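A.B. asks: Quick one: sequence plus predicted model below, questions after.
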Amino acid sequence: MNASELGLPMAVPAEGLPSRVRIHEVGARDGLQNERATVPTAVKAEFIRRLAGTGLTTIEATSFVRPEWVPQLADAEELFPAVAGLPVALPVLVPNERGLDRALALGARRVAVFASATESFAKANLNRTVDEALAMFAPVVARAKEADVHVRGYLSMCFGDPWEGAVPVPQVVEVCKALLDMGCDELSLGDTIGVATPGHVGALLTALTGAGVPVSTLGVHFHDTYGQALSNTLVALQHGVTTVDSSAGGLGGCPYAKSATGNLATEDLVWMLRGLGIDTGVDLGRLVATSVWMAAHLGRTSPSRTVRALAHAGSDSHEEQ
């Protein structure tokens, strides 16, 4: 499928937006971790290879968690070596020092820790308080930095929590600063249950930069539960954010927050950014084809509106020839 033949949007740049955005692709990890049926390792590896072929430069590969916690990612030791030679950044999630040991043993050069802005989710996800979780991550981050490994800090429930409701902005700022002080190179602000709205996003980013957090260290991770992911992303771009997490085909949710639905679809994000004249380096046609391929393996259609529209357009074009 050739993206140039699919009626892509006219680029109309808007003032005050970045010229380029780095997409942090999470489909292979965050997207597949919730699948009920086990996805074969070979299929995951091919998925990552195809994603790399679209021009994506950062593809989160897997998570070195205990297999009983996330069974879909139990094959990390087999999967990572199968894709480690790709010319892209391949971050992996490490929940503790044991996970870090496993990742470093396989040559991982980018790792991520997963913290929470709320006590309820910290308890549900890690069986710890927020402070206890941060204390657990401190030696992980320190050891990673000693090994010259890039560390990303995920922060979930930045906007709302299924048990606690709306999350106060100062509470999020406090945990963000703790992660940066710990040594994290970048942060990903997670709207885990998809309840953020543009004003809330703007307020948090304004508070973070006002507290001395460089916007260059921030990425955003929106879920599309209420259809707000793209509008929230646009506000983040207006505040100077240039790293956006998304998932090919809109795969994913969160196994510890049952109200969490799919991530922002990478194709929907690329469509919007292309229309704004913002460079991503991603071939949308190849990306759509990859998500259609993966959806076939999963036995369902992609929830991404862009995938559905362009795949249908490509099908119609093929039928007319």
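C.D. replies: Everything's here; your move. Residues are numbered from 1 along each chain as shown.
A.B. asks: Secondary structure of Val173: a helix, I assume?
C.D. replies: Yes - membership of Val173 in a helix is supported by DSSP: H, G, I helix; E, B strand; the rest coil.
A.B. asks: now the helices for the stretch 51-200 of the chain?
C.D. replies: 76-83, 97-105, 119-126, 130-146, 169-182, 198-210 (DSSP state H, counting those that start in this stretch).
A.B. asks: hey, least reliable of the ones you listed by pLDDT?
C.D. replies: Mean pLDDT values for these show the minimum at helix 119-126, a mean of 90.
A.B. asks: can you list contacts of that one?
C.D. replies: 95, 114-116, 128-130, 132-133, 136, 156-157, 161-164, 192, 256-257 (CB atoms under 8 Å, 6 or more residues apart in numbering). Any C-beta I mention is one placed from the backbone N, CA and C, and that applies to glycine too.
A.B. asks: Kindly recompute the last result at 6 Å.
C.D. replies: Outside of helix 119-126, the residues within contact range by CB atoms under 6 Å, 6 or more residues apart in numbering are 116, 128-130, 133, 156-157, 161, 163-164, 256.
A.B. asks: before we move on, what about stretch 16-28?
C.D. replies: In contact with stretch 16-28 (CB under 6 Å, 6+ apart) are residues 47-48, 51, 56, 58-61, 219, 237-238, 242-248, 251, 273, 276, 278-280.
A.B. asks: Type out the PyMOL command that picks the buried ones from those.
C.D. replies: To isolate the buried ones among those in PyMOL, judged by 16 or more other CB atoms under 10 Å, type:
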select buried, resi 47+48+51+56+58+59+60+61+219+237+238+242+243+244+245+246+247+248+251+273+276+278+280
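A.B. asks: In helices only, show me the contacts of stretch 16-28.
C.D. replies: 47-48, 51, 237-238, 273 (DSSP state H).
A.B. asks: And Ala309, how close does it get to Gly277?
C.D. replies: With distances taken as CB to CB, to the nearest Å, Ala309 is found 20 Å from Gly277.
A.B. asks: dump the residue contacts of Thr209.
C.D. replies: Residues in contact with Thr209 (CB under 6 Å, 6+ apart) are Val215.
A.B. asks: worst-scoring helix or strand of this protein, pLDDT-wise?
C.D. replies: Every helix and strand of the chain was ranked by mean pLDDT, DSSP states H and E. The lowest is helix 305-320, at a mean of 68.
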